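# For reference, the sequence and a predicted model appear below.
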Amino acid sequence: MKRIFSGIQPSGRLHIGNYFGAIKNWLQLQNEYQCIWGIVDYHAITVPYKTDELEERVIDCTASYLAAGLDPEKSILMIQSKVKAHTELTWILNTISPISWLERVPTYKDKSKQFSSNLNMGLLDYPVLMAADVILYKANAVPVGEDQLPHLELCREIVRRFNHIFGKTFPEPKAIIKKGAFVKGLDGKNKMSKSLNNCIYLDENPDDIWEKLSTAVTDPQRVRKTDAGNPEICNIFSLHKLLSSKSQIEYCKVGCQTADIGCLECKKILSENIIQELSPIRARLIELKKNKKYLKEILMNGIEKSRKIAEQTMTEVYDKIGIKYKFLK
Ligand code: AQP
């Protein structure tokens, strides 16, 4: 069975961008591949964070995976930092990754502006760690949002370079891109991001969903209700495409173009659909977070399985790069 690795950083509560861009697609993939879903905490510490909140974030992320429907019987759920080989392999990959490759990664450019007072090596090295995450398990494919595509391309370049220098070791992982690959934030400008306060969270309660939507940015040129709008540049309409029925999408599209309906009516329909989609997830999430023993069991099991696969890869890698030191055996 072909293998997949993907993960989410526990840098905040998960949002509908993570859900539509990642987890919802993972649900189908877990039936087709051997999947490893990581909670990639080493990635999360590349930007300023509160040490006393990290554990809660990891718990929240695990519960979110399960609440959204990931099945621990079918896939492996694990925490990146608990499999030490992730950083071991990163170091080895660092030695063959030109700095110029890393400096041109768009997310590095964005994050270095966002966190200019903490421009650390981890931020620059983020894609190398991501490459290590994936190839440590010899994953054949990685489901990603559009924003992550440059990272995956870099990962493929690193794989080609490693294989060229040391001999064929890793498969070149392919990107799997599905519907919902880019969810814009409620600010109508940026990608929905945990760190940008422009999200609808997976455990958002119905009142808050409506409150956030009612003030969310729409087509900026539609100032009055009587102005005709352009749904194709409207943030709310792009969310309709992910959540609403065909007839609702058509109703909102035509209603907006002809100014027959206002933004609030369009948002109300969307709000009800988001609430319907998220309510069962929210209920399960709240229950799961109370059952830490269960979450621990799932993670410990996943960590053990991940370590076994990682150990096999690292034995081969050390062999290939000349760190086997027979005289010590
Ligand atoms: N807005 C989005 N639209 C589509 N997909 C998204 N993903 C994240 N945001 C969107 C996808 O979710 C997966 C995990 O992302 P991540 O949390 O590890 O990293 P991120 O993309 O940096 O997420 P955030 O929310 O933007 O976190 P912060 O603010 O902490 O940097 C990936 O597959 C990603 O594509």
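Thanks, I have the structure now.

# Tell me how many other residues surround the residue in the chain that the ligand sits nearest to.
At 1.9 Å from the ligand, Gly21 is the closest residue in the chain, using C-beta to the nearest ligand atom. C-beta here means a position set from N, CA and C on the backbone, and glycine is covered the same way. One way to gauge burial is a neighbour count; for Gly21, by other C-beta atoms under 10 Å, it gives 27.

# That one against Lys184, yeah?
No: in this structure, Gly21 sits apart from Lys184 without contact. The criterion is C-beta atoms under 8 Å, and the distance is 11.0 Å.

# Close to the ligand: what parts of this structure are there?
Where proximity means C-beta under 6 Å from any ligand atom, the interface of the chain facing the ligand comprises 8-9, 11-12, 17-18, 21-22, 144-145, 147-148, 181-183, 191-195.

# Just the buried residues of those.
In the residues of the chain next to the ligand, burial by neighbour count holds for 8-9, 11-12, 17-18, 21-22, 144-145, 147-148, 181, 183, 191-195, counting by 16 or more other C-beta atoms under 10 Å.

# Now, the residues of the chain next to the ligand that are in helices?
When DSSP state H is applied, the residues of the chain next to the ligand are split such that Gly17, Asn18 fall in helices.

# Out of the residues of the chain next to the ligand, name the ones that lie in strands.
Ile8 (DSSP state E).

# Please, where are all the helices along this protein?
Under the criterion DSSP H, helices of the chain are mapped to 16-18, 24-32, 41-44, 51-67, 85-94, 99-103, 106-114, 121-135, 149-166, 206-214, 235-243, 246-257, 263-290, 292-321.

# residues in contact with the shortest one?
Outside helix 16-18, the residues within contact range by C-beta atoms under 8 Å, 6 or more residues apart in numbering are 8, 64, 145, 183, 185, 191-193, 199-202, 239, 274, 278.

# same deal with the fourth one?
Defining contact as C-beta under 8 Å, 6+ apart, one finds that helix 51-67 is touched by 8, 10-14, 18, 23, 37, 39, 41, 44-45, 72, 77, 79, 202-203, 281-282, 284-285, 288-289, 292, 295, 298-299.

# got the contact list for the residue lying closest to Val47 once chain neighbours are set aside?
In space, Val47 comes closest to Phe115 once its chain neighbours are excluded; the distance is 5.2 Å by C-beta to C-beta, 6 or more residues apart in numbering. Phe115 makes contact with Val47, Pro48, Leu123, according to C-beta under 8 Å, 6+ apart.

# now do Leu186
When contacts are counted by C-beta under 8 Å, 6+ apart, Leu186 touches Met192, Asn198, Cys199, Ile200, Lys212, Leu213, Thr215, Ala216, Val217, Asn235.

# Can I get those in CSV including pLDDT?
Putting the contacts of Leu186 into CSV (pLDDT from 0 to 100) gives the following:
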residue, pLDDT
Met192, 93
Asn198, 95
Cys199, 96
Ile200, 97
Lys212, 96
Leu213, 96
Thr215, 92
Ala216, 94
Val217, 91
Asn235, 90
